[in-house]
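K.L.:
sequence first, then the predicted structure, then my questions.
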Amino acid sequence: MSEQRRRGRMPAVSDADIRRVARSLLVEQGLEAITLRAIARELGITAPALYRYYESRDQLVAAVRTDVCADLATDLAAAVDGLPDDAGVRFFAVCRGFRTWSLAHSREFTLVFASPSAAGFGSAMQQFGEPVGRLFLEAAGRLLTDYDIVTPPVELIPAELRDDLIAFQTDLLRVLAESGQKFPAEKLDLGVSYVMIQFWARLYGHVTLEVFGNYPIPIGNPDVLFDATLTDIGRGIGLTVG
């Protein structure tokens, strides 16, 4: 045992060290592996010493989640880097980038998108002001600005959903006003809101099935199936997927 340990002195650690170890535990073993005891053991300190940085495990998990969201937003931005300045091309590149990241980071995906009760927060896409939500909204805003999106007549939208869609519009417009994002708010009617929710449900549902290996049948070429799904979604709103 070192002289430092015999004297009871703890190694110097930083918030970055703690988050790095917590992220490693998440990636290697899953969300349940993130415990203050495990992190302390890895860093060579006592678990109570971690309370100088975080009041609880949930607070630490939330910090890791923030880091993951920031990394995902960086990857999604890179997915459109160098592409033609075409709103449709860039929007569907973001969708493909989301799938690519999710498949390569299944445990981070689980934390951010499939474990809303893990630390008392919702999915990243429910938080419009977060990096991932902002990036999708920016891409969607460009799409609405540059293209005539096909939306259903209001009378074809189930009446039982209209209050929820109005609430969605209200929240979205508030975030847009606060963030200063360029988004054609005048186009955000019930039809557009309905299409946005359905688009995300289909994209997220497809990616989730693939990440967790829950396709109903064996698929030999999942890339083709995903592209076919995007093409079908795009066709439904009057877009050709490039």
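P.N.:
Perfect, I can see it now.
K.L.:
mind checking the pLDDT average for the top helix by length along the chain?
P.N.:
Longest helix in the chain, counting residues (DSSP state H): helix 57-80. Averaged over helix 57-80, pLDDT sits at 93.
K.L.:
could you shift the numbering so residue one becomes 29, and keep it that way?
P.N.:
Sounds good: first residue 29 from here, last item helix 85-108.
K.L.:
so what touches that helix?
P.N.:
For helix 85-108, the surrounding residues in contact (Cβ atoms under 8 Å, 6 or more residues apart in numbering) are 46-47, 50-51, 54, 59, 62-64, 67, 78, 81-82, 118, 121-122, 124-126, 128-129, 133, 136, 139-140, 146-149, 152, 158-160, 162-163, 167. C-betas here are computed from N, CA, C, even on glycine.
K.L.:
what about 6 Å?
P.N.:
Residues outside helix 85-108 that contact it (Cβ atoms under 6 Å, 6 or more residues apart in numbering): 47, 50-51, 62, 64, 82, 118, 121-122, 125, 129, 136, 139-140, 146-147, 152, 158-160, 163.
K.L.:
which regions of this protein sit below the pLDDT cut-off?
P.N.:
For the chain, applying pLDDT under 70 flags the ranges 29-39, 144-157, 207, 209, 270.
K.L.:
the domain parsing of it - what is it?
P.N.:
Following automatic domain parsing, one finds the domains of the chain at 29-82, 93-264.
K.L.:
just put those in TSV and tack on mean neighbour count.
P.N.:
Listed next are the domains of the chain as TSV, based on neighbours: other Cβ atoms under 10 Å:
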stretch	mean neighbour count
domain 29-82	14
domain 93-264	16
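K.L.:
thinking again about what came up before, which SSE is immediately downstream of the longest helix of the chain?
P.N.:
Per DSSP states H and E, the first helix or strand lying C-terminal to helix 85-108 is helix 115-132.
K.L.:
which SSE is immediately downstream of that following helix?
P.N.:
Reading on from helix 115-132 to the C-terminus, the next helix or strand found by DSSP H and E is helix 134-141.
K.L.:
what about that following helix, distance to the chain center?
P.N.:
8 Å (Cα atoms, centre = their mean, to the nearest Å).
K.L.:
for stretch 185-201, same thing?
P.N.:
For stretch 185-201, the distance to the chain centre is 22 Å (Cα atoms, centre = their mean).
K.L.:
other residues contacting it?
P.N.:
Applying Cβ under 6 Å, 6+ apart, the set of residues contacting stretch 185-201 is F156, A213, L216, L218, S221, Y222.
K.L.:
before we move on, back to that, so the longest helix of the chain versus helix 115-132, what angle?
P.N.:
For helix 85-108 against helix 115-132, the angle between stretch directions is 130 degrees (axes from the mean of the first three to the mean of the last three Cα atoms, to 10 degrees).
K.L.:
mind putting the contacts of stretch 185-201 into CSV with secondary structure?
P.N.:
Below are those laid out as CSV (DSSP: H, G, I helix; E, B strand; the rest coil):
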residue, secondary structure
F156, coil
A213, helix
L216, coil
L218, helix
S221, helix
Y222, helix
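K.L.:
identify the farthest-apart pair in those.
P.N.:
F156 and L218 (17.8 Å; Cβ to Cβ).
K.L.:
tell me how far F120 lies from A167.
P.N.:
Here F120 is placed at a distance of 9 Å from A167 (Cβ to Cβ, to the nearest Å).
K.L.:
scratch that, M224 is what I was asking about
P.N.:
From M224 across to A167, the span is 11 Å (Cβ to Cβ).
K.L.:
can you map out the strands along this structure?
P.N.:
Using DSSP state E, no strands are found in the chain.
K.L.:
residues contacting the nearest residue to V55 once chain neighbours are set aside?
P.N.:
Once flanking residues are discounted, V55 sits nearest to R135: 5.6 Å by Cβ to Cβ, 6 or more residues apart in numbering. Taking Cβ under 6 Å, 6+ apart, we find R135 in contact with L54, V55, G58.
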